[in-house]
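# Generate a structure from the sequence data that follows.
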Amino acid sequence: MTTRRCLLQTIMTTGVMLPLAAEAQANDPWAEADRIVARIVRPHFPARDFVLTNYGAIEGGKSKCTEAFVKAIAACNKAGGGRVVVPEGVWLTGPIHLQSNVNLYVSRGATIRFSTDTTDYLPLVLTRWEGVECMNYSPLVYAFEAENIAVTGEGTLDGQASDDHWWPWKGRPDFGGWKSGTPCQNEARVKLFAMGDANTPVSERRFGEGSYLRPNFFEPYRCKNVLIEGVTVRNAPFWELHPVLCQSVTIRGVTVDSSGPNTDGCDPESCRDVLIENCSFNTGDDCLAIKSGRNGDGRRVNVPCENIIIRGCSMKNGHGGVTIGSEITGGVHNVYVENCRMDSPGLWNAIRFKNNAVRGGNLSNFHFRNIVVGQVSHAVLTIDFNYEEGGKGAFLPVLKGVHLSAIAGGKSKYAIDAQGLANAVVEDVTLDHCAFDNVSDGTIVKFVRGVEFRGVTINGKPVSAP
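Numbers count the residues shown, from 1 in each chain. The predicted structure follows:
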């Protein structure tokens, strides 16, 4: 039996780590992952239900239930917490703003459809748009400085974004047949990034109507003890699950399905202690992307994303299965990814780092194990410091410590495409008992120091570190 078949059989039938000698040592780095998970707080709620229909909601998807959500959430919060229950049926609403100690429970057979009337997402709220703080449309589900909040159940949250609504604002003809000269985000995006680099007060970075910056879907902002579990999220205007500056976040058993522009599946940004497990992602951009702010504004906020556990997830279409970047200026540390499957001809990369000398950021301590990659179009591991502006900047990126073990690649152009910069060399990359089959173009390794291969094969042949 080939090395890859052994890896596949062991990973898929047992779901546990292979007994690799290097990881059997007393200083097993994965012990820290266990400690991170142990301290993440899952919010608990009193056994009280506040049923949406008791607050004036009308089922059917024709009448907006926005005010009913407001009243039910306020009553739940005032009573000391509980569940706001969305019964079976279709419920149309504007944005939902959670408060502390509220669990939004979306019952099986229930679908929350979010309005496509942009004025429903006013007044403006504090948000982070592509890594820069601003005042913009409310996210579809939003919470600000709340504690113990959740979205749970077996129902669906439908953003109703499509080629007719939200997605054409990207300014690309493949979404909604957008044509040059018609409204899109480009002018406002440039303006926002300039404001961030100029340190313009956030209160003066006002967008919303006429700016065409699409809202995020689920965004808890500066929150603590956050849970999203069981639900299906689809048709997002923009980034889908986007906790920002949060502590103790659990995302479990969620199905994410959106094929529009920039519909990243899950983007924890400048968060601490995050568990993402048993989720399914099919996206129009990165399936998971770990972030920490963009350029000058990222340096102003200066909060890393750290202590992130991703396990038992599946990734289909997207730019990357697990991506670090590119809005990553505040740094990322201590990421552990295990027991995942990534497989689609529409998935570009399995594990992806993207950064440049305009972003900067210190990145350290990344561990990946027991990952089955059926196929990707580019590479199983991509490290790209030439992303967008590349080396044309004053803030050199730093990446140290990328460790892969028991990775099985089924089909890709490259096994590895790892490229630092001449003056920003990637350090300490190890591959332990990894097998890459059906690789058409081998590997690319440039400006990487300290590469080590142990028991690595490409197309069935043992290979040494370049």
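
# buried stuff in stretch 199-215?
Burial within stretch 199-215, assessed by neighbour count using 16 or more other CB atoms under 10 Å, is assigned to Thr200, Val202, Arg205, Phe207, Gly208, Ser211, Tyr212, Leu213, Arg214, Pro215. The C-beta positions use only the backbone N, C-alpha and C, and glycine is treated the same way.

# Pro220 touches Leu98, doesn't it?
Yes - under the criterion of CB atoms under 8 Å, Pro220 makes contact with Leu98 at 7.5 Å.

# so what sits against both of the two?
For the pair Pro220 and Leu98, residues contacting each of them under the criterion CB atoms under 8 Å, 6 or more residues apart in numbering are Tyr142, Ala143, Ala146, Ile149.

# Mind putting the buried residues of stretch 199-215 into CSV with distance to Phe366, pLDDT and secondary structure?
Compiled in CSV, those are given as follows (distance: CB to CB, whole Å; pLDDT from 0 to 100; DSSP: H, G, I helix; E, B strand; the rest coil):
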residue, distance to Phe366, pLDDT, secondary structure
Thr200, 34, 98, coil
Val202, 31, 98, helix
Arg205, 32, 98, coil
Phe207, 34, 98, coil
Gly208, 37, 97, coil
Ser211, 36, 98, coil
Tyr212, 35, 98, coil
Leu213, 31, 98, coil
Arg214, 30, 98, coil
Pro215, 31, 98, coil
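
# So which of those residues is the closest to Arg454?
The shortest separation between Arg454 and any of these is 44.9 Å, and it belongs to Arg214 (by CB to CB).

# Distance check, that closest one against Ser203.
Relative to Ser203, Arg214 is positioned 21 Å away (CB to CB, to the nearest Å).

# Next: Trp348.
Taking CB to CB as the criterion, Trp348 is separated from Ser203 by 38 Å.

# for Lys413, same thing?
Lys413 sits 47 Å away from Ser203, taking CB to CB as the criterion.

# now do Gln99
With distances defined as CB to CB, the gap from Gln99 to Ser203 amounts to 23 Å.

# Compare Pro220 and Leu98 (neighbour count), which wins?
Here Pro220 and Leu98 are compared on neighbour count by other CB atoms under 10 Å; more neighbours surround Pro220, at 29 against 26.

# Is Phe193 part of a helix or strand, or is it coil?
Judged by DSSP: H, G, I helix; E, B strand; the rest coil, the three-state class of Phe193 is helix.

# what's near enough to touch it?
For Phe193, counting by CB under 8 Å, 6+ apart, the contacting residues are Glu130, Val132, Arg294, Asn295.

# Do me a favour and get the backbone dihedrals for Asp163.
When quoted as degrees, to the nearest 10, the phi and psi of Asp163 stand at phi -70, psi -10.

# Burial check on Gly181, number of neighbours?
For Gly181, the number of neighbouring residues by other CB under 10 Å comes to 6.

# Number of residues surrounding Lys392?
Quick note: Lys392 (other CB under 10 Å) scores 10 neighbours.

# ok now do it, which residues does it touch?
Listed by CB under 8 Å, 6+ apart, the contact partners of Lys392 are Asn356, Ala357, Val358.

# list the contacts for the nearest residue to Val303 once chain neighbours are set aside?
Across the structure, with CB to CB, 6 or more residues apart in numbering as the measure, the residue nearest Val303 apart from its sequence neighbours is Ser270 (4.0 Å). If a contact means CB under 8 Å, 6+ apart, then Ser270 has Val244, Leu245, Lys291, Ser292, Gly293, Val301, Val303, Pro304, Cys305, Gly330 as its contacts.

# Just confirm the fourth one contacts Gly361, I think it does.
Looking back up the chat, that one is Ser292. Yes - with contact defined as CB under 8 Å, Ser292 and Gly361 form a contacting pair (6.7 Å).

# any common contacting residues for these two?
Going by CB under 8 Å, 6+ apart, residues that sit against Ser292 and also against Gly361 are Gly298, Ile328, Thr329, Gly330, Gly331, Val332.

# quick one, strands of the stretch 251-400 of the chain?
Taking DSSP state E, counting those that start in this stretch, the strands of the stretch 251-400 of the chain run over residues 255-257, 272-277, 280-282, 288-290, 305-311, 314-315, 318-324, 332-342, 347-354, 362-373, 379-384, 398-409.

# can you tell which of these is closest to Pro87?
Closest of those to Pro87 is strand 255-257, at 20.4 Å (criterion: CB to CB).

# how far away is the residue nearest to Gly284 when sequence neighbours are not counted from Ala75?
Closest residue to Gly284 apart from its sequence neighbours, by CB to CB, 6+ apart: Thr263 at 4.2 Å. Relative to Ala75, Thr263 is positioned 33 Å away (criterion: CB to CB).

# ok, these two, which is more surrounded?
Summary of the neighbour comparison: Thr263 and Ala75, criterion other CB under 10 Å, with Thr263 having more neighbours (29 against 16).

# dump the residue contacts of the more buried one.
Thr263 sits next to Ala161, Ala236, Phe238, Trp239, Glu240, Thr283, Gly284, Asp285 when contact means CB under 8 Å, 6+ apart.

# let's see it at 7 Å
Contacts were defined as CB atoms under 7 Å, 6 or more residues apart in numbering; by that measure Thr263 touches Ala236, Phe238, Glu240, Thr283, Gly284, Asp285.
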